[in-house]
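A.B. asks: Next comes the sequence, and after it the predicted model I'd like to discuss.
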2 protein chains.
Amino acid sequence: MPDDETASTPRVDFQVHPSRYRHWRLTTDGPVATLTLDVDERGGLVPGYELKLNSYDLGVDIELYDAVQRLRFSHPEVRAVIVTSGKEKVFCAGANIRMLAASPHPWKVNFCKFTNETRNGIEDATAGSGQAYLAAVNGTASGGGYELALACEHIMLIDDRSSAVALPELPLLGVLPGTGGLTRVTDKRHVRRDLADYFATKSEGIGGRKAVQWRLVDEAVPRAAWEQTVAERAAELAGRSTRPASTAVRGIELTPLPKIRTGAEISYSSVTASLDRERGVVEITVSGPEAAAPDGIAAVHRQGAGFWTLAMTRELDDLILDLRTNELELGTWVFRTRGHADLVLGYDRLLLDHADDWLANEIISYLKRTLKRLDVTSRSLLALIGPGSCFAGSLLELALAADRSYQLAGVFEEADPGAEPAAVTVGPMNLGPLPMGNGLTRLQTRYLGDDKGLAAVEKVTGEPLQAEDAERLGLVTFAPDDIDWDEEVRIAIEERASFSPDALSGMEANYRFAGPETMETKIFGRLTAWQNWIFNRPNAAGPDGALRRFGTGQRARFDRKRV
Amino acid sequence: MPDDETASTPRVDFQVHPSRYRHWRLTTDGPVATLTLDVDERGGLVPGYELKLNSYDLGVDIELYDAVQRLRFSHPEVRAVIVTSGKEKVFCAGANIRMLAASPHPWKVNFCKFTNETRNGIEDATAGSGQAYLAAVNGTASGGGYELALACEHIMLIDDRSSAVALPELPLLGVLPGTGGLTRVTDKRHVRRDLADYFATKSEGIGGRKAVQWRLVDEAVPRAAWEQTVAERAAELAGRSTRPASTAVRGIELTPLPKIRTGAEISYSSVTASLDRERGVVEITVSGPEAAAPDGIAAVHRQGAGFWTLAMTRELDDLILDLRTNELELGTWVFRTRGHADLVLGYDRLLLDHADDWLANEIISYLKRTLKRLDVTSRSLLALIGPGSCFAGSLLELALAADRSYQLAGVFEEADPGAEPAAVTVGPMNLGPLPMGNGLTRLQTRYLGDDKGLAAVEKVTGEPLQAEDAERLGLVTFAPDDIDWDEEVRIAIEERASFSPDALSGMEANYRFAGPETMETKIFGRLTAWQNWIFNRPNAAGPDGALRRFGTGQRARFDRKRV
């Protein structure tokens, strides 16, 4: 059932730099940074729409993601971040509607996923890095514009009798707010659910005193007091920050990635991916460090973006985004690692021993976010654990994130009989610092309801486990020997490619988040799934649907059956 | 965008009786009941498919629901229920695939919702009524057949080298298990997520020792020991039950409902509904008791199905099912009540004062389940609170379940100036006995994150609150006076009818379950939304999709893009 839906979408590059931003301005003034959204109407990523009223597309959000990342790594002195608009009367109108209406289904879904991750990243910076975000909503914020504000710790709305916050998706477009709006309104801001219902049906939104009373914003500030109040709030947030207070602390530069991309391969320094379009598979290899971790945290600061854990994480992050956006038909990602487990564990130890250092904290936190990105990726993930691999500590998380893992029992007797058999090693990184979106570690999720199993695994921390032991402890799914290996792995991959891609997305999204739910998993699980459904229905995306008819002067025509 | 998708689906009647079952046999033997599934192949609800291999359609499940209900009310002596098959070699093949393939989208979704509610009801009987369900899987249980077993407390699988449990939906049909399979496998039975992944891709399933090791079943029992072991387990479960031990206890009969249905009205003794097809609205009125509650619990037993709370609950339950299944285009349900708050509170008090009586417990629990059914209903729910109403205690839950509520401030000065102004009254029923699927009461969900607001409301328990007070306390959404009432209510209803029905379903499903999640909300929220999406995609439901091609000998053709 091939279609040409994606013919019009370009290959997207996620690497940008503040010097090349077209839509955002990033300035810093001591402990306070300001991110000003001033969208270039003609700067859309794809031809065919203008980004009016500070509306955004993926290109605008890629810059925002870059800015949030650089603030964390390059600006340790920044303790509060003001998000505001550079336009008159409008803060942000949300995702561009013509872009959405013209986009194929996978593009819409992938776009929403990335924007959600970026907003979660804003909350993560506030909670984990002492960089609190302040939404200075100096004009109307609607749809994704209000959702951007919702991701901030504190929301100020200008009180000028016209500016408001709004979620007009349902009344105007027949879809849901796509970046967590419904969930954050009730679960984060505790807007009462009936008021939230009214709010989400009122396209013009709510401003002033009522917006405060209903908890939609934290304060409404008259224009005359605006600038001063924004500065005061930013100073207050900065004052509560856990960032290092010394102004002598220097950030690190996130240097350009050493990326080479062809149609068949994507490679960086520690990560390579070979794209097998025939089988619909990406074979990803992550290389461990080549030498022992440096001695002491100062060396981590000196190495900066070259420090293995950070370099590997940045490359993995970019690879995930590239493949997710640009390679929709490569449905199975196969992970391998290559290197020495003890070196990986050494790097982990160095970071954990200095977890109170701001940079070590940032690196661990970034790895956590990147692994979370993997968890919500709609691709089947397999881990192949063979001789010469280094699935230990932080890299073991790749196997724990996978839907299935295969560890070779013994060695390949014909190819390399003298090899050291493959081992996996649990390390301290697996026991807390890298939680999933559900709040549990990947090990806790794996052993949900099996406390004995979890305790047994924790007990062998630091011990290399060969296939038989790893399988017995439940750390890997299967442990075939070299006689069965090729056949078992081949069948697993071919089978995956034969299944309905949609059913796989649904199954994986359910299984990967066993156990408790958080605001984050609700956004990716419940809200995203409903939105995907609605995006697929003729009432939204059909020729007479609300999304397609918006702005044409014609009303949408709905099939009125409730489902 | 009208279509004739539902032209082929008949009006469904949910009222059945064991004497008329075509697919189940219900027998009791002292404390142990046996429910035997023996589907009449030619007994499908809709022409066009045969119910082979003990597969089911909505008609089969309506009988199961009826049996589960009657076991609770008519058989207080039953302490364990064996669910088994009357066929050779097959326990149950799940939902009939030809039925699914031929069904319009809303039918599939509604069918899954009802079957989910029935399975939740089985767990509710086990947990709350001391009627533990035992799945005696005496042949292969696949898809919905295994999911039926998953709803039971204990799963026994016959160990005969051919019988297995399976979730073949993904590999065979390109959809997900639709009745909680994915969620219960990991979250209830604690099957490891990678093993669960493998299991759900293996259409032939897993039996014997491995099924036990992977926790898919609790025990595998050889054929020779089967009957005796089933009897032993049932006796063990019965022995642990909290049901009254005395065999002298008598059940009550669930007598036929006094239902009159025309195209424009559905009425019972305490519930009436007028169907306004022009506006797409159902106006539902629930009448309170006409006299004071009887004196003492013995009278409740004597009155049986005539006892107001039980009669009202049964009628409301039937109405919800009827409207949900048969009236898809009536998208807004408007609730009113009529009667005396003190009488409603009196009935509540009688039940709560005797909550340890098995029948009082059953009545409260049934009301709880019926209100939960309302919560997951994909219709907009409004409550209109005017003079002469009795939104108090158990009936206040209707307003708390609504997406919005309107309470008249004062009276209708022209029509009835001497009326008593409308009041709402919080009662003990609102403070615990009727939790939602998320484990919170509707009040707790309403005041999520607002402990002060909740405490203020709890403090006025028992006090009739007129509109101004109720609005101030946050118990109702709006409190217009008689000058604004008609206009405000009219706009709310008309506006609702103008919105995309799909977007409303999505919004309501998100807002109604603010806060924590449970297995139940995950099944209705996360899993259902994914399934709805998949049901809508050409990869499943299109002419070349897996669901349509199953059994034709032709393979499905998939759009391989991952979304």
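C.D. replies: Arrived safely. If you're wondering where the values come from, they're calculated on a predicted model, not measured in any experiment. Numbering: from 1, shown residues only, chains lettered A, B, ... in the order given.
A.B. asks: A:Ile297: neighbouring residues, count only.
C.D. replies: Counted with other C-beta atoms under 10 Å in any protein chain shown, residues neighbouring A:Ile297 total 16. In short, each C-beta sits where N, CA and C put it, glycine included.
A.B. asks: For it, list the residues it contacts.
C.D. replies: Residues near A:Ile297 by C-beta atoms under 8 Å, 6 or more residues apart in numbering or on different chains: A:Leu350, A:His354, A:Asp357, A:Leu359, A:Ala360.
A.B. asks: Check A:Leu382 too.
C.D. replies: Applying C-beta under 8 Å, 6+ apart to A:Leu382 gives the contacts A:Thr332, A:Trp333, A:Val334, A:Phe335, A:Ala402, A:Asp403, A:Arg404, A:Ser405, A:Tyr406, A:Ala492, A:Ile493, A:Arg496.
A.B. asks: Pull up the gap between the fourth one and A:Val185, please.
C.D. replies: Taking C-beta to C-beta, to the nearest Å as the criterion, A:Phe335 is separated from A:Val185 by 37 Å.
A.B. asks: just the contacts of A:Leu382 that are near chain B?
C.D. replies: A:Ala402, A:Asp403, A:Arg404, A:Ser405, A:Arg496 (C-beta under 8 Å from any C-beta of the partner chain).
A.B. asks: okay, the residues you listed in a markdown table with pLDDT, secondary structure and neighbour count next?
C.D. replies: Output for those, formatted as a markdown table (pLDDT from 0 to 100; DSSP: H, G, I helix; E, B strand; the rest coil; neighbours: other C-beta atoms under 10 Å in any protein chain shown):
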| residue | pLDDT | secondary structure | neighbour count |
| --- | --- | --- | --- |
| A:Ala402 | 98 | coil | 25 |
| A:Asp403 | 98 | coil | 25 |
| A:Arg404 | 98 | strand | 21 |
| A:Ser405 | 98 | strand | 26 |
| A:Arg496 | 96 | helix | 22 |
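A.B. asks: Tell me which of A:Phe335 and A:Val185 has more neighbours.
C.D. replies: Looking at A:Phe335 and A:Val185 with other C-beta under 10 Å, you find the greater number of neighbours at A:Val185, namely 29 against 25.
A.B. asks: how about the strands in the stretch 151-300 of chain A?
C.D. replies: Here the stretch 151-300 of chain A has its strands, by DSSP state E, counting those that start in this stretch, at A:154-159, A:165-166, A:219-222, A:260-261, A:265-267, A:271-276, A:281-287.
A.B. asks: let me fix that: the stretch 301-450 of chain A
C.D. replies: Using DSSP E, counting those that start in this stretch, the strands of the stretch 301-450 of chain A run over residues A:332-338, A:380-385, A:391-392, A:404-407, A:423-425.
A.B. asks: highest average neighbour count across those strands?
C.D. replies: Across those, averaging neighbours per residue (mean count of other C-beta atoms under 10 Å in any protein chain shown) puts strand A:391-392 on top, at a mean of 32.
A.B. asks: That one: partners in the sheet, and parallel or antiparallel?
C.D. replies: strand A:423-425 (parallel) (DSSP bridges).
A.B. asks: contacts for the strand it pairs with?
C.D. replies: Here strand A:423-425 has contacts from A:341, A:345, A:385, A:391-393, A:396, A:399, A:407, A:462-466, A:470, A:475-476, using C-beta under 8 Å, 6+ apart.
A.B. asks: ok, now stretch A:25-39?
C.D. replies: With C-beta under 8 Å, 6+ apart as the test, stretch A:25-39 has contacts from A:18, A:23-24, A:51, A:54-56, A:60, A:64, A:67, A:70-71, A:75, A:77-87, A:91-92, A:131, A:231, A:234-235, A:238, A:241, A:243, A:247.
A.B. asks: First-to-last residue distance for it?
C.D. replies: Using C-alpha to C-alpha, to the nearest Å, the span of stretch A:25-39 from its first residue to its last is 10 Å.
A.B. asks: which regions of chain A sit below the pLDDT cut-off?
C.D. replies: Applying pLDDT under 70 to chain A flags residues A:1-9.
A.B. asks: How about the residue positioned nearest the centre of it, nearest residue that isn't a chain neighbour?
C.D. replies: For chain A, A:Glu117 is the residue whose C-alpha lies nearest the centre (C-alpha atoms, centre = their mean; 3.4 Å). Of all residues not flanking A:Glu117 in the chain, A:Arg373 sits nearest, at 5.9 Å (C-beta to C-beta, 6 or more residues apart in numbering or on different chains).
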